[in-house]
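[1] Dropping the sequence and predicted coords here.
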Amino acid sequence: MNKTLQIKQQKQQRQKWRYSLECRFPKKIKMAADRCRKAFKDAEYGSFVWCCHHTIRIEKLTELNAEVRIRYILMYKNESEKVVRLNNFRPVKSKLSHEFIQDYAPAWSSRHTAFKEKWGKKLASMHRKDVPNHTFKRGSIF
């Protein structure tokens, strides 16, 4: 088989595959984005959120509002990651103790090991309660 013909066929196959993905995913992505927007309806700047970034379980919302982050995910993240990111990005509905908020400030992103040891299990149970279908395991949503 001619090398150029083989490359041309591979390119056509990739285009077909890409087209089939575009046909399947936009509806799922739109539904995930709508659910995410609905969840953040009353969230404010500085409130705590789950999985704003894929390796951090809990952090403060640093964008002006959640819509900024949702749009960023929709515009700049890989197609295959969008639904997972949007399904995991949710506001914290559980009541956070004053002690947690004080401990969070120096740990800033919950990566600090002492913070994880003290709050890890409590955060995991709150996360399961707030977002039952989350995919955060072993330090990432993927």
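    Done, it's in. Numbering: from 1, shown residues only.
[2] Count the residues that sit near residue 78.
    9 (other Cβ atoms under 10 Å). Using the backbone N, CA and C atoms, a C-beta is placed for each residue, glycine as well.
[3] give me phi/psi at it?
    phi -60, psi 150 (degrees, to the nearest 10).
[4] Please apply the same query to the one 4 residues further on.
    With angles defined as degrees, to the nearest 10, residue 82 sits at phi -60, psi -50.
[5] measure residue 89 to residue 119 for me?
    Residue 89 sits 20 Å away from residue 119, going by Cβ to Cβ, to the nearest Å.
[6] Same question for residue 134.
    17 Å.
[7] before we move on, what about residue 81?
    27 Å.
[8] Tell me where the chain has helices.
    3-39, 66-76, 79-88, 98-107, 113-130 (DSSP state H).
[9] ok, what's across the strand from residue 140?
    Per DSSP bridges, the residues bridged to residue 140 are residue 137.
[10] What does the pLDDT read for it?
    pLDDT, residue 140: 87.
[11] Check residue 21 too.
    47.
[12] Nice, that's everything, thank you.
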